[in-house]
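[1] structure here, sequence nowhere to be found:
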Ligand SMILES: NC(=O)c1ccc[n+]([C@@H]2O[C@H](COP(=O)([O-])OP(=O)(O)OC[C@H]3O[C@@H](n4cnc5c(N)ncnc54)[C@H](O)[C@@H]3O)[C@@H](O)[C@H]2O)c1
Ligand SMILES: NC(=O)c1ccc[n+]([C@@H]2O[C@H](COP(=O)([O-])OP(=O)(O)OC[C@H]3O[C@@H](n4cnc5c(N)ncnc54)[C@H](O)[C@@H]3O)[C@@H](O)[C@H]2O)c1
């Protein structure tokens, strides 16, 4: 099977850096260190592909090599379908992936077309060529914790500790993110193998022997204001109620409570209280035991949520981390399960209101030094932004690059374009070896409608209105992003989301300065607009602060 | 209540013609001669609006007045939500109307948001400011008949006659369209009032006294090759079987058979055989009789379709005109009801394969002379295109302007940009008094996914794939159309379609020449691309003929 890796260095394969950039980035998406199943063109998220098939992949590369500076390549669900005349300030690539007329917007219809080779699942950044590996998960969790700290602890998590559970694929990022955010953490995990993996990769610092030991370690490190992460082998449905009991009796209280066990999947994701892990695995493997397993797991989730509610009642900030555990508990009779909020409304939406989101960039040179120099530039640009400094330092130290060197860093309106212009200047002066590509996740302030996640519980009830991501894509196309994409079904599956991507190249030219100054304001500005329109005060204030023109916002 | 009419003449209210154009066109959409219910901002199609409410309408005008030549106004379901910095070659307005995440893409959810003032139904050209009254219906029907003539009668309908039924809102355009296409026609209509209305407005030429008289008139006019339209009072479910009987016995045969009774609505739309009109109206008004009415109407539709099938069996081209009559007959047991095709796959799709669709333009001066001059220019540009000449002559004679003078004329790839450039030249030289706005319906070759209508029965089964209209909108934005829109639910309702609009202004500048040359090729070119990708030979040949770059089409 083929081994794909982006070319690096300063020699162009294509006619300009604006076409070289997508040429390298689609290949980077399929780098063996980046992609989950590169042999099937799968980048991440189950079946999120970079191109429909190898023939399409090869033709995309060929078309990009050939593309002139006044041409635009159209990609339809991973297939290069047309090259049209546009102009120098227009995008070089426009992509639409997995879009279906709503009535047909289901996995059944998707699968039928996919089987026939007529379609492709683009996920968010797979089909739009700006996925950069697991750095994003750590950073998203980090931002969530930092925002919690900002809201509840005057922006200072030192001496605080976070209680959570689950050290799986995503949940395993929690202890590292907590550390980067300056907090101690205690993560309950029922499988020793998961703890071992996170100890080995330094995502978690220590394992406690038992609850007493964990509490002793937490007392010690919070007192010393050391951000140390602790894992504890155990069942969250048992450990949390015990911690509640102790806290009520005057014992140590957590400063933030959440959970990332896989409660959304009661067969494979949640160990019932009182069960051993081998017993659990056996039940998973035996369909005859599924009903019993599900019943037991749901009952345990209810106990788990009850403990979370108890902490909340003591005044401890408590959130659901998108694993559906509130719903499970509610269905089990915990009537006030939804008393604590989801993490998007609680912590991400305020960031979105300021236009903040998962801004990222990639060094096309392939040289890590280029990223370190941009790290330094970000610090220089935003000297006040302490948690970003912490993030950058610790990311450099703790997170390995995958494929082309890249960095993620949540920036907001008024910041992103400064970063873009500064990088472009560094390319122009030769401080960086080659151009920088700037992009973001589709999960961003103005680019997604996803009523079960990013737009859950919008203040005005417009969770499902997808005019916004469509306008975002049109505006970025008008502004001159280098590639723009419109997808359906990312993150939460067919029928449940519509979202837009944007990537723009800093090639060091003055033309790029102009495009960057527009696009990196408009892209997140349209997110502030969307939230201001929904009535969020913070978004309205942000719009005023940065002089956005919102005709109907008085 | 307010009376809206577009300003006319050469004085600008806005800062340039690129903003003056949408400023005039949104007002034109609400002109009392154009809009169905201007007092409610409803343009056409039930509840298709030009703006969400009067406050939004006023602010759209105010924002357009203020808009600079490097700014873009964003309109979200009829509300002006933002003004962002772009550049001179970017669209001045970007609109997204009625878009919902698929799972929520229903009338129920739409209505909930609409009631709260959070949403708007954009239909196709209502919310995108390029509706121009009933000229479009006549022309669409005309093109359908012309295409039938091209396919079956070597492009010559003289001496031929079309048999149809229904002289209602849409169906009433049939006799005039047939005449314009050069054919005689016989339209069966069961209500004398409908016939009278069409006689009065000269949409139909004569009424026959009875079947014998109708046949006599048809013999006479077809022999003389006069394109005369004849109405006959009667019930299609009775008259058609009688005509079949006579044809089988050696009598006159029609040359094309279709139908525009409202068979899609068995309570209000189809008079059952043997019933009188007063009896029918009484049954409509009395819910207790609905079941009986429905049963009788359905049985009659089956007889009607059986007669159509009989004509088809005699070799007469027969099509369904989108009124669902085949389905009704099928449900009544006519197993081969779908033996004759729908009009889109039969006659419109071949046009789409050549990039042909409802191209239209409007004289911003308000002066009919400007349109007559463009009519002459089209004839000059396309001297071979006889049916277009006929259309233009007869449209001038028979169709009254509504609001700003406008013209519709189906042009294809290789033609549209020539028209645009010629108009722009006429504006530049002062031959026209003021700029021309060029647009089209969303029902066009590359701009719509609508599995129950425009994309029904696509060759490769991609009826529901909406990547295509999204790419169309992105490409037109990249190319520099003056305004671009993305809508959901037009024509067939929420959940059933996604589509894109495009309008571009000929302001006489050289910059406009460049934009027109790009956009008017790309817009319909992307339709040819979509059909070539689906495997239509004619589209592949058209793409080759005009040198479209389609990477995967060999
Ligand atoms: N909405 C979002 O954006 C978002 C973001 C991150 C995670 N999530 C959700 O978080 C959850 C975790 O994701 P993941 O990829 O890490 O899943 P995973 O299945 O890889 O990991 C779950 C971990 O929880 C452990 N576990 C199960 N039951 C337990 C119990 N009773 N006590 C202690 N540990 C237990 C398992 O051993 C496993 O290591 C999922 O439900 C996911 O959907 C959602
Ligand atoms: N798919 C499309 O794009 C498209 C385009 C045009 C029309 N249509 C369909 O065509 C149909 C007609 O549209 P309309 O707006 O003219 O409807 P309408 O209800 O205004 O007119 C229907 C006419 O048919 C007459 N009629 C009813 N039963 C009859 C019978 N048994 N014999 C003779 N006449 C009879 C009525 O008196 C009426 O004048 C509708 O079903 C419409 O959806 C579809």
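    Now that the structure is in, tell me what you want to look at. No experiment lies behind these values; they were computed from the predicted model shown. Ligands and ions are numbered 1, 2, ... in the order given.

[2] OK, contacts around residue A:230?
    Listed by C-beta atoms under 8 Å, 6 or more residues apart in numbering or on different chains, the contact partners of residue A:230 are A:175, A:184-187, A:204-208, A:214, A:217-218, A:221. From N, CA and C alone the C-beta is placed, and that goes for glycine too.

[3] which SS state does the residue of the stretch 101-250 of chain A found nearest ligand 1 fall under?
    Nearest residue of the stretch 101-250 of chain A to ligand 1 (C-beta to the nearest ligand atom) works out as residue A:168 at 1.7 Å. Here residue A:168 is recorded as coil under DSSP: H, G, I helix; E, B strand; the rest coil.

[4] does stretch A:411-419 reach chain B?
    No: on the criterion C-beta under 8 Å from any C-beta of the partner chain, stretch A:411-419 is out of touch with chain B, staying 10.8 Å away.

[5] what strand or helix carries the one residue in the stretch 451-554 of chain A that gets nearest to ligand 1?
    Residue nearest to ligand 1 within the stretch 451-554 of chain A (C-beta to the nearest ligand atom): residue A:453, separated by 5.4 Å. Assigned by DSSP states H and E, residue A:453 belongs to no helix or strand.

[6] hmm, it is touching residue A:497, no?
    Yes: here residue A:453 reaches residue A:497: they are 7.3 Å apart, a contact under C-beta atoms under 8 Å.

[7] and for those two, which residues touch both?
    Residues touching both residue A:453 and residue A:497 by C-beta under 8 Å, 6+ apart: residue A:491.

[8] looking at the two now, which is surrounded by more residues?
    Legend: neighbour count by other C-beta atoms under 10 Å in any protein chain shown for residue A:453 and residue A:497, higher for residue A:497 (29 against 18).

[9] could you find the closest non-adjacent residue to the more buried one?
    residue A:450 (3.7 Å; C-beta to C-beta, 6 or more residues apart in numbering or on different chains).

[10] the helix or strand containing residue A:199 and ligand 1, are they touching?
    Element membership for residue A:199 (DSSP H and E) is helix A:192-200. Yes: judged by C-beta under 6 Å from any ligand atom, helix A:192-200 and ligand 1 are in contact via residue A:194.

[11] need the contact partners of that helix.
    By C-beta under 8 Å, 6+ apart, the residues outside helix A:192-200 that reach it are A:167-168, A:172, A:175, A:189, A:204, A:206-207, A:231, A:233.

[12] following that helix, which helix or strand shows up next?
    strand A:206-208.

[13] what helices or strands is that next one leaning on?
    helix A:192-200, helix A:211-223, strand A:229-233 (3 or more C-beta pairs under 8 Å, 6 or more residues apart in numbering or on different chains; DSSP states H and E).

[14] could you point out which element follows the helix or strand containing residue A:308?
    If you go by DSSP H and E, residue A:308 is part of helix A:290-313. Sequence-wise, the next helix or strand downstream of helix A:290-313 (DSSP H and E) is helix A:325-331.

[15] just the helices in the stretch 1-150 of chain A please.
    Under the criterion DSSP state H, counting those that start in this stretch, the stretch 1-150 of chain A contains helices at A:17-29, A:54-66, A:107-115, A:135-152.

[16] select, out of those, the one closest to residue B:482.
    Nearest to residue B:482 among the helices of the stretch 1-150 of chain A is helix A:17-29 (25.1 Å), distances taken as C-beta to C-beta.

[17] tell me the mean pLDDT over that closest one?
    Here helix A:17-29 scores 98 as its mean pLDDT.

[18] between that helix and helix A:54-66, how many degrees?
    Note on geometry: by axes from the mean of the first three to the mean of the last three C-alpha atoms, to 10 degrees, helix A:17-29 and helix A:54-66 are set 150 degrees apart in direction.

[19] and residue A:179, what's its pLDDT?
    Confidence score, pLDDT, at residue A:179: 95.

[20] that one: neighbouring residues, count only.
    24.

[21] in three-state terms, label it for me.
    Strictly by three-state DSSP, residue A:179 counts as helix.

[22] was I right about it contacting residue A:205?
    Yes: between residue A:179 and residue A:205 there is a contact under C-beta under 8 Å: 7.2 Å.

[23] mind telling me what element residue A:499 is part of?
    For residue A:499, the host element (DSSP H and E) is strand A:498-506.
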